[in-house]
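*Asks:* Everything below, folded, please.
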Amino acid sequence: SALAFNSQGLGFSLNWVGPGTCDASGLGRNFVSRQLLTAQGWDEAKRIIAQKHAAGHNYQLLDFAHRRISNFEVAHDKVSEKVI
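*Replies:* Numbering: from 1, shown residues only. From the prediction side, this is the model:
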């Protein structure tokens, strides 16, 4: 688990979720997290989260400027978003 935020007012926390297999053609969660810190807005952050992952992960995306939160479950090339 971790919490991070950037100068654009975006923040995220994350939790590991492991699928049964690993796909070496996907990104590791730490690479995705680093990219999230560079996101200029909500839509860009969602595109970053939606990239193919090597395994599974859970992200809680926070937009402090527009007061919104979404929870994302990601496994390989599948993404599920729940607006909170």
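*Asks:* So which bits of stretch 41-57 are buried?
*Replies:* Buried residues in stretch 41-57, defined by neighbour count with 16 or more other CB atoms under 10 Å: 42, 45-46, 48-49, 53-57. No exception for glycine: its C-beta is placed from N, CA and C like everyone else's.
*Asks:* Pop out the phi and psi values for the residue positioned nearest the centre of the chain.
*Replies:* For the chain, the residue nearest the mean C-alpha position is Ile49 (3.9 Å; CA atoms, centre = their mean). Backbone torsions for Ile49, taken as degrees, to the nearest 10, come to phi -60, psi -40.
*Asks:* residues in contact with it?
*Replies:* Residues in contact with Ile49 (CB atoms under 8 Å, 6 or more residues apart in numbering) are 32, 36, 59, 61, 72, 74, 79.
*Asks:* repeat that for 7 Å
*Replies:* By CB atoms under 7 Å, 6 or more residues apart in numbering, the contact set of Ile49 is 32, 59, 61, 72, 74, 79.
*Asks:* Tell me how far it lies from Pro19.
*Replies:* Distance of Ile49 to Pro19, computed by CB to CB, to the nearest Å: 16 Å.
*Asks:* So what's the residue count around Ala75?
*Replies:* Using other CB atoms under 10 Å, Ala75 has 19 neighbouring residues.
*Asks:* got it, and Trp16?
*Replies:* The number of residues packed near Trp16 is 10, by other CB under 10 Å.
*Asks:* hmm, which helix or strand of this protein has the shakiest average pLDDT?
*Replies:* Scoring the helices and strands of the chain by mean pLDDT, DSSP states H and E places strand 2-5 at the bottom, with a mean of 88.
*Asks:* Please list the outside residues in contact with it.
*Replies:* Contacts for strand 2-5 (CB under 7 Å, 6+ apart): 11-14, 33, 37.
*Asks:* Done for today, thanks.
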